[in-house]
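Participant: only geometry, no sequence info:
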């Protein structure tokens, strides 16, 4: 009984803010600022969503939503492609300097991300990517965490599978594509969710590299929305609910693989 009580408390702790935002998004501004606050809207209205979907030239919320979706999805796919290839080389191939290279990659995990902010900005500027979605997609796609995470998973796969495939005439590309990746779906799904979330929720980097409102993503865009409507709570919460939908859909589609990956990690200790 205590276990279920604890799980229920955790569920309320994590789901409560989302339900509160959903409730406020259907309230009027008067009811949203009422003290004491009401749990459910007395007179539900969709005017906040109408304001969000209608947008203006300075606050094109649907455009921000599309930008976030495009940038996060493309970034996620690029992270999976680059990290899986690099991790396979570090886990399954033998070449000179492999241990040193892996040590350098792991060492970069200890460096705060803000240290790379100015160098990345200068590189993006030289490439002519400023004020474009490319600046939100490409930088960080070869991050050390993805390589380290997948490399650790690939190392745990039986090497007998590679040896058997090589004896049958397969090359390393065939082994990578037909054996390693299918067996690594839990790890790939987990990395996909994490990389999507990191890009979807990124606030600092878009502010540095995006200058035009039509190229903003939702995190910096919602801050503009807040100022434009003088903290109109229903509108802000409607934008927050809209921003949470893709994340919930992605996790619902990959939760089986994510949980499997966590379970496997637990069994390995």
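Facilitator: Noted; the coordinates are in hand. Source: prediction; values computed, not measured.
Participant: now for the helix or strand containing residue 245, which elements pack on it?
Facilitator: Here residue 245 sits within helix 233-268, counting by DSSP states H and E. Here helix 233-268 touches helix 2-25, helix 29-32, helix 47-54, helix 61-92, helix 185-200, helix 218-228, going by 3 or more CB pairs under 8 Å, 6 or more residues apart in numbering; DSSP states H and E. (C-beta placed from N, C-alpha, C; glycine too.)
Participant: Could you check the angle the first one makes with helix 47-54?
Facilitator: If you take axes from the mean of the first three to the mean of the last three CA atoms, to 10 degrees, helix 2-25 sits at 70 degrees to helix 47-54.
Participant: buried sites along helix 2-25?
Facilitator: By neighbour count on 16 or more other CB atoms under 10 Å, the buried set for helix 2-25 is 21, 23, 24, 25.
Participant: before we move on, what about the fifth one?
Facilitator: By neighbour count, with 16+ other CB under 10 Å as the criterion, the buried positions of helix 185-200 are 186-196, 198-200.
Participant: on that earlier part again, mind putting the helices and strands packed on helix 233-268 in a markdown table, mean pLDDT included?
Facilitator: What follows is the helices and strands packed on helix 233-268, written out as a markdown table (pLDDT from 0 to 100):
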| stretch | mean pLDDT |
| --- | --- |
| helix 2-25 | 83 |
| helix 29-32 | 86 |
| helix 47-54 | 85 |
| helix 61-92 | 94 |
| helix 185-200 | 92 |
| helix 218-228 | 76 |
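Participant: Dump those into a markdown table; add distance to residue 249 as well.
Facilitator: Output for these, formatted as a markdown table (distance: least, CB to CB, whole Å):
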| stretch | distance to residue 249 |
| --- | --- |
| helix 2-25 | 14 |
| helix 29-32 | 27 |
| helix 47-54 | 18 |
| helix 61-92 | 11 |
| helix 185-200 | 11 |
| helix 218-228 | 15 |
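Participant: With residue 39 as the reference, name the closest of these.
Facilitator: Closest to residue 39 of the helices and strands packed on helix 233-268, according to CB to CB: helix 2-25, at 6.9 Å.
Participant: Hey, what's the angle from that closest one to helix 233-268? Just curious.
Facilitator: Using the same axes, to 10 degrees: helix 2-25 against helix 233-268 is 150 degrees.
Participant: what comes up buried for the strand or helix carrying residue 152?
Facilitator: If you go by DSSP H and E, residue 152 is part of helix 144-155. Going by neighbour count (16+ other CB under 10 Å), the buried part of helix 144-155 is 144, 145, 146, 147, 148, 149, 150, 151, 153, 154.
Participant: Nearest the middle, which residue of this protein would you pick?
Facilitator: residue 197 (1.6 Å; CA atoms, centre = their mean).
Participant: Can you tell me how far residue 202 is from residue 223?
Facilitator: 13 Å (CB to CB, to the nearest Å).
Participant: Those two: which has the busier surroundings?
Facilitator: residue 202 (19 against 14; other CB atoms under 10 Å).
Participant: Would you pull up how far stretch 103-123 lies from the middle of the chain?
Facilitator: 19 Å (CA atoms, centre = their mean, to the nearest Å).
Participant: Span of it from start to end?
Facilitator: Stretch 103-123 has its terminal residues 24 Å apart, counting by CA to CA, to the nearest Å.
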